[in-house]
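Engineer: Provided below are the primary sequence and the corresponding predicted coordinates.
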Amino acid sequence: MNMFLHELKAYRKSTIIWTLALMALAILFLSMFPSFSREAEDFKKLLEGYPETIRRALGLSVENIGSILGFYSYIFLYISLVGAIQAMNLGTSIVSKEVRDKTADFLLTKPVTRSEIMTAKLLAALTSLVITNAVYLATAITMASLVETKEFNTKIFVLLSLTLLFLQLIFLALGTIISVLIPKIKAVLPTSLGSVFAFFIIGALASTTGDDALRYISPFKYFDFAYIVQNSRYESSFVIVAIAFIAVAITASYFIYSKRDIHAV
């Protein structure tokens, strides 16, 4: 419990910053909806002039762009990009920060197992993400209710918003396995940015080519927003792949961390 609270306190500042950033994006983007919806028909005509591949890459759906759910699906792609960076940043720092701060050998002299250390760190990171998502979801729903005068499907709105947490869990697991495989990461943020943007670009390519195989490579395409809006559910095959990846990555992280040599400072 002491380790968990210590790690949670260490993440406090970054949690507040990332949460405020996501709240600001939600408020900024959703505040544009009233003026956007008034010009929706003109914007649809403009979008129809773009090649379909470009519209797919940008996550634009001409048919639904004038509704709050369609508009939210479009802006949420970029909100999830920021959220993914937060989770990747947490994951890659879980083990590497101990090596970077030269506290790894000191930590392991304590009467705790490596599994307990990893569990405390992961639970603290998970708590940080849950807090961020709870505050973000409350902000997004409040803003959507304020800017949309018509009734909309709250269930679909929540399903879209929850994909942020699922995406973050994937990148948290990815960052964690990278952290134990390459513990001497000198700069966490560049590593996180590079990884997240690489998968984002792969996701854009998957959209332009229509290749489902590429969708399995990029976590950004595990949740098709147009599909969620139309069917009020997630695609089960991608949910299964996401859960399997998280389970394998976390299990492997525990195993590698428990067996790895920790060099004394």
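Structural biologist: Cool, got the structure.

Engineer: show me where pLDDT drops low in the stretch 51-200 of the chain?
Structural biologist: Applying pLDDT under 70 to the stretch 51-200 of the chain flags the ranges 51-65, 97-111.

Engineer: one more pass at 50, please.
Structural biologist: Applying pLDDT under 50 to the stretch 51-200 of the chain flags the ranges 106.

Engineer: check the offset of the helix or strand encompassing residue 84 from the chain's centre.
Structural biologist: For residue 84, the element it lies in under DSSP states H and E is helix 68-100. Helix 68-100 has its C-alpha centroid displaced from the chain centroid by 4 Å (Cα atoms, centre = their mean, to the nearest Å).

Engineer: ok, stretch 248-261 next?
Structural biologist: For stretch 248-261, the gap between its own C-alpha mean and the chain's C-alpha mean amounts to 23 Å (Cα atoms, centre = their mean).

Engineer: if you count neighbours, what's buried in it?
Structural biologist: Residues of stretch 248-261 classed as buried under the neighbour-count rule (16 or more other Cβ atoms under 10 Å) are 249, 250, 253, 254, 256, 257. Quick note: C-beta positions are derived from backbone N, CA and C, even for glycine.

Engineer: may I ask you to confirm that the fifth one is in contact with residue 181?
Structural biologist: Which is residue 256. Yes - with contacts counted by Cβ atoms under 8 Å, residue 256 reaches residue 181, the gap being 6.7 Å.

Engineer: what's the burial count for residue 33?
Structural biologist: Counted by other Cβ atoms under 10 Å, the residues lying close to residue 33 total 21.

Engineer: and the closest residue to it other than its chain neighbours, how far from residue 34?
Structural biologist: Leaving aside its sequence neighbours, residue 33 sits nearest to residue 147 (Cβ to Cβ, 6 or more residues apart in numbering; 4.7 Å). As judged by Cβ to Cβ, to the nearest Å, residue 147 and residue 34 stand 5 Å apart.

Engineer: neighbour-wise, which of these two wins?
Structural biologist: Taking other Cβ under 10 Å, residue 147 and residue 34 do not tie; residue 147 has more neighbours (18 against 12).

Engineer: could I get the contacting residues of the more buried one?
Structural biologist: Shown in contact with residue 147 (Cβ atoms under 8 Å, 6 or more residues apart in numbering): 30, 31, 33, 34, 68.

Engineer: any chance of those residues in JSON lines, plus distance to residue 127 and secondary structure?
Structural biologist: What follows is the contacts of residue 147, written out as JSON lines (distance: Cβ to Cβ, whole Å; DSSP: H, G, I helix; E, B strand; the rest coil):
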{"residue": "30", "distance to residue 127": "26", "secondary structure": "helix"}
{"residue": "31", "distance to residue 127": "30", "secondary structure": "helix"}
{"residue": "33", "distance to residue 127": "32", "secondary structure": "helix"}
{"residue": "34", "distance to residue 127": "36", "secondary structure": "helix"}
{"residue": "68", "distance to residue 127": "31", "secondary structure": "helix"}
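
Engineer: between those residues, which sits nearest residue 168?
Structural biologist: residue 30 (20.2 Å; Cβ to Cβ).

Engineer: which stretch of helix or strand covers the residue lying closest to the closest one once chain neighbours are set aside?
Structural biologist: In space, and not counting its chain neighbours, residue 30 is closest to residue 143: 4.1 Å by Cβ to Cβ, 6+ apart. Secondary structure from DSSP H and E places residue 143 in helix 114-147.
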